[in-house]
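1. sharing a model prediction with you, sequence too.
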Amino acid sequence: MERSDEALLERVARRDDDAFDVLVARYRERAHRIAWSILRNAEDARDLSQEAFIRLYRSAGSFRGSARVSTWFYRILVNLCLDHRRRRRWWDRFVDSGSGAGDTALLDRLPAAGVHPDDDLARGETMSRVWSAVDRLSSHQRAAVVLQLEGLPTSEIAEALGCSEATVRVHLHRALAALRKSLRET
Amino acid sequence: MTARHVDAEVVPYVLGELASEDRARVETHLAACRPCRETAASFRTVLTELVATRAQPPAVHWSRWQAELRRKLDSRLERSRTPPHEREVAGPRHARLGWHAVPLALSGALAAVLLYLAVHGIGQEPRVPQLVGDPRPADLTLDETIAGRRLDMLRHYSVVERLDLLEDLDVIGNLDRLADVKEGRASAMAEG
């Protein structure tokens, strides 16, 4: 029988490792994909998605049930990713400026897979153009876009980002306007 | 003509999140307002592009990923059971702190260099070391000291200009004593 996230989390709060493994198996792919979409770095995505599950395990007892478990978990994950991105930004600027070190990072940031080997070059170029523009969005705009593409409704994106629905709409509006502008310019 | 633009509602409209009443109102507006209609259409195009070109992360070996997660969780739980004074000696937290300390150490080193340059200045003349019993003021530079020594020659210029340097080197070497000799003669004459 399929157990609800809430029931599983209750058991995790009592340190039930089997329940934790079920929750991890349920959300790990999505968590990893969200982290990767925000960070565009495979190693960071792996570390931070794992870190989000560790935090879920340790703070399961503090879940009050005011939001869905998935939304609560996404909030933990997105906060970790945004904090990491903020910390990394000044360091990247310091280390990468004027050196060739940015080249490998760029490869990591470009959208991977999704394009099959027989897809045409033009499609690959469009993909690169679109996601390079996404890369230039502010952290919150980018997170809002990523979560929207994950199929989360605005209310859940607001919960995950810790802001109002109106703010999420503003983030999305600005993100789409910026992307439209970037795509027209290229 | 429509009353007001529907900027705030374009996104929820495109995402299909508006209630039917609001949706009908927005559609009425869009039918009459070209800028808003174009905004909605372009947002829809961008969203379609995003979905169509959506990137997938690199493939993950999930059993390995989960084993790693388990290892991290166990070590974290183990650490939380260890008293803090024992925890700081070694382990991942210590290693992580070391890594995070790199930019901190670099910033510190940079600040130290800037402080040194601010205090000692850039490209200043070297200071002449002050020896014990040296009557020179302590803050003289090398050039100032050399110029000071040449002042003796300027003071006795009337003597110096009459000397043939090759023949009277010892006179030049004893210019300091010239004043004493002159003073001695003057006092002897006064006494006489």
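-> Yep, it's here. Numbers count the residues shown, from 1 in each chain, chains lettered A, B, ... in the order given.

2. in stretch A:157-172, what's buried?
-> Judged by neighbour count using 16 or more other C-beta atoms under 10 Å in any protein chain shown, the buried positions of stretch A:157-172 are A:157-161, A:165, A:167-172. All C-beta spots, glycine's among them, are computed from the backbone N, C-alpha and C.

3. which of these are close to chain B?
-> Restricting the buried residues of stretch A:157-172 to those touching chain B (C-beta under 8 Å from any C-beta of the partner chain) yields A:169, A:172.

4. in strands only, show me the buried residues of stretch A:157-172.
-> Using DSSP state E, no member of the buried residues of stretch A:157-172 sits in strands.

5. return stretch A:150-157 as PDB; C-alpha atoms alone will do.
-> Coordinates of each C-alpha in stretch A:150-157 appear next as PDB, following Å, rounded to 0.1, in the frame of the first residue of the first chain:
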ATOM      1  CA  GLU A 150       8.800  21.100 -12.400                       C
ATOM      2  CA  GLY A 151       5.100  21.600 -12.500                       C
ATOM      3  CA  LEU A 152       4.700  23.300  -9.100                       C
ATOM      4  CA  PRO A 153       1.700  25.700  -9.000                       C
ATOM      5  CA  THR A 154       2.400  29.300  -8.000                       C
ATOM      6  CA  SER A 155       1.200  28.700  -4.400                       C
ATOM      7  CA  GLU A 156       3.700  26.000  -3.900                       C
ATOM      8  CA  ILE A 157       6.500  27.900  -5.500                       C
END
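
6. for that stretch, what does the pLDDT average out to?
-> For stretch A:150-157, the mean pLDDT works out to 92.

7. and what of stretch B:114-127?
-> Mean per-residue pLDDT for stretch B:114-127: 72.

8. go on, stretch B:21-38?
-> The model assigns stretch B:21-38 a mean pLDDT of 94.

9. kindly report the same for stretch A:75-90.
-> Looking at stretch A:75-90 alone, the average pLDDT works out to 88.

10. centre of the chain to it, how far?
-> Taking the mean of its C-alpha atoms, stretch A:75-90 sits 10 Å from the chain's own mean (C-alpha atoms, centre = their mean, to the nearest Å).

11. ok, back up a step: and the buried residues of stretch A:157-172, which of them are in helices?
-> Members of those lying in helices (criterion: DSSP state H): A:157-161, A:165, A:167-172.

12. could you list the domains of chain A?
-> What the record gives for chain A is the domain set A:1-99, A:110-186, from automatic domain parsing.

13. hmm, the first one in reach of chain B?
-> Looking back up the chat, that one is domain A:1-99. Yes - counting by C-beta under 8 Å from any C-beta, chain B is contacted by domain A:1-99 at A:21, A:24-25, A:28-29, A:32-33, A:36-37, A:42, A:45-46, A:50-51, A:53-54, A:57-58, A:91, A:94.

14. what's the answer for stretch A:142-149, then?
-> Yes - contact of stretch A:142-149 with chain B (C-beta under 8 Å from any C-beta) involves A:145, A:148-149.

15. who's in contact with that stretch?
-> With C-beta atoms under 8 Å, 6 or more residues apart in numbering or on different chains as the test, stretch A:142-149 has contacts from A:34, A:37-38, A:74, A:78, A:81-82, A:134-135, A:137, A:154, A:156-157, A:160-161, A:168, A:171-172, A:175, B:15, B:50-51, B:54.

16. now the weakest link among the domains of chain A, please, by mean pLDDT.
-> What stands lowest among the domains of chain A, in mean pLDDT terms, is domain A:110-186, with a mean of 84.

17. can you tell me the SS state at the residue in chain B positioned nearest to chain A?
-> Nearest residue of chain B to chain A, counting by C-beta to the nearest C-beta: B:A55, 3.0 Å away. Assigned by DSSP: H, G, I helix; E, B strand; the rest coil, the conformation of B:A55 is coil.

18. these two touch, right, it and A:S128?
-> No - the pair B:A55 and A:S128 fails to qualify as a contact (C-beta atoms under 8 Å) at a distance of 9.7 Å.

19. between the two, which one's more packed in?
-> In terms of neighbours (other C-beta atoms under 10 Å in any protein chain shown), B:A55 is the more surrounded of B:A55 and A:S128; the figures are 22 against 16.

20. now A:E165: closest residue in space that isn't a chain neighbour?
-> With C-beta to C-beta, 6 or more residues apart in numbering or on different chains as the measure, A:A158 is the residue that lies nearest to A:E165, at 4.6 Å, once sequence neighbours are left out.

21. contacting residues around the one you found?
-> The contact partners of A:A158, taken as C-beta under 8 Å, 6+ apart, are A:164-165, A:167-168.

22. how much space separates A:R136 from chain B?
-> Counting by C-beta to the nearest C-beta, to the nearest Å, the gap from A:R136 to chain B is 14 Å.

23. got the contact list for that residue?
-> The neighbourhood of A:R136, defined by C-beta under 8 Å, 6+ apart, consists of A:178, A:182.

24. what separates it from A:E185, distance-wise?
-> From A:R136 over to A:E185 the distance is 12 Å, taken as C-beta to C-beta, to the nearest Å.

25. just B:S107 next, same as before
-> Distance, B:S107 to A:E185, using C-beta to C-beta: 37 Å.

26. so those two - more neighbours on which side?
-> Neighbours were counted for B:S107 and for A:E185 using other C-beta under 10 Å; B:S107 has more, 11 against 8.

27. could you confirm that one falls within a helix?
-> Yes - when the secondary structure is assigned by three-state DSSP, B:S107 falls within a helix.
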